[in-house]
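In: This is a predicted model, with the sequence first.
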Amino acid sequence: MLLTAGQVLTPHRKVPHMNASESTPVALPLGRVFATPGALSAMEDSGQTPAEFLSRHARGDWGCVSREDGRLNDRAIDSGARILSAYETRLGVRLWIITEAENEQGERAHTTILLPQDY
């Protein structure tokens, strides 16, 4: 399923997640999911879907971030800090997925798929 600009994707179910570096379960709630028009276009051009990238992000596969950024993401699972993953489409376009830090209620309100230049 591909989103259109302004549309919101909400994951229908939670799946068991594994932290790639520690092999321990990761539960990364995504909140409401948004995507920028540029990211939607890049995924459509490559024949890929948001779910393909979101599932990797949600299970702790941070994509092509640095080793240090990966460790920061791993720690953010427990601390509630922001999490940033980076992936490339089949056509070599870089995508970022950002899950915002927890709010006062301890919830992660939203996740955004975007191009780096959209940030």
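Out: Yes, it's here.
In: Buried residues, the longest helix anywhere in the chain. List them.
Out: Using DSSP state H, we find that the single longest helix of the chain is helix 67-79. Judged by neighbour count (16 or more other CB atoms under 10 Å), helix 67-79 contains these buried residues: Asp69, Gly70, Leu72, Asn73, Asp74, Ala76, Ile77. Just so you know, the C-beta spots here come from the backbone N, C-alpha and C atoms, and that holds for glycine as well.
In: Ok, stretch 33-40 next?
Out: Quick answer for stretch 33-40 (16+ other CB under 10 Å): Val33, Phe34, Ala35, Thr36, Gly38, Ala39, Leu40.
In: just to revisit the earlier point, tell me the mean pLDDT for the longest helix of the chain?
Out: Mean pLDDT, helix 67-79: 94.
In: Packing partners of the very next helix or strand once past that helix?
Out: Downstream of helix 67-79, the first helix or strand assigned by DSSP states H and E is strand 83-88. Other helices and strands packing on strand 83-88, by 3 or more CB pairs under 8 Å, 6 or more residues apart in numbering; DSSP states H and E, are helix 50-58, helix 67-79, strand 94-99.
In: Please identify the buried residues of the shortest one?
Out: Pointing back at strand 94-99 there. Here strand 94-99 shows Leu95, Trp96, Ile97, Ile98, Thr99 as buried, counting by 16+ other CB under 10 Å.
In: any chance of those in JSON lines, with distance to Tyr87 too?
Out: Output for these, formatted as JSON lines (distance: CB to CB, whole Å):
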{"residue": "Leu95", "distance to Tyr87": "5"}
{"residue": "Trp96", "distance to Tyr87": "8"}
{"residue": "Ile97", "distance to Tyr87": "7"}
{"residue": "Ile98", "distance to Tyr87": "12"}
{"residue": "Thr99", "distance to Tyr87": "14"}
